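Asker: Pasted the sequence and its predicted model underneath.
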Amino acid sequence: MCDVKAREKLPKPVTLAQIKATPELADWDLVKNSRLSVVPVSEAQWQMVQTLSER
């Protein structure tokens, strides 16, 4: 078990379909293992999610 708390709100939601369609995120466990609900996020992955949210 872990405690998770949002630190900031993204400008708009990022869908799983968007994440899966982004080549830079292809190696992320969220993309490779469909049954995961909580996964580690590297700084580079988080930056890409933020970029997707701004589009």
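Answerer: Nice, thanks for sending it over.
Asker: And the closest residue in space to residue 14 that isn't next to it in sequence, what's its pLDDT?
Answerer: The shortest distance from residue 14 to any non-neighbouring residue, by CB to CB, 6 or more residues apart in numbering, is to residue 52 (4.7 Å). For every residue, glycine as well, the C-beta is placed using N, CA and C. pLDDT for residue 52: 95.
Asker: now residue 52: how far from residue 26?
Answerer: Per CB to CB, to the nearest Å, residue 52 is found 14 Å from residue 26.
Asker: re the thing from before, in which helix or strand does the residue nearest to residue 14 reside?
Answerer: helix 43-54 (DSSP states H and E).
Asker: That helix: which residues count as buried?
Answerer: Buried residues in helix 43-54, counted by 16 or more other CB atoms under 10 Å: 45, 48, 49, 52.
Asker: what's the most distant pair in those?
Answerer: 45 and 52 (10.6 Å; CB to CB).
Asker: Any idea how far the helix or strand of the chain at the bottom of the mean pLDDT ranking is from the middle of the chain?
Answerer: Ranking every helix and strand in the chain by mean pLDDT, DSSP states H and E puts helix 29-32 at the bottom, with a mean of 88. Its chain's C-alpha centre and that of helix 29-32 lie 9 Å apart, by CA atoms, centre = their mean, to the nearest Å.
Asker: got the CA coordinates for that helix in PDB?
Answerer: C-alpha atoms of helix 29-32 as PDB (Å, rounded to 0.1, in the frame of the first residue of the first chain):
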ATOM      1  CA  ASP A  29       5.100  -0.300 -17.700                       C
ATOM      2  CA  LEU A  30       1.700   1.400 -18.100                       C
ATOM      3  CA  VAL A  31       1.800   0.600 -21.800                       C
ATOM      4  CA  LYS A  32       3.500  -2.800 -21.600                       C
END
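Asker: That helix packs against which elements?
Answerer: helix 16-20 (3 or more CB pairs under 8 Å, 6 or more residues apart in numbering; DSSP states H and E).
Asker: how close does residue 16 sit to residue 31?
Answerer: Residue 16 is 8 Å from residue 31, by CB to CB.
Asker: Understood, closing this out.
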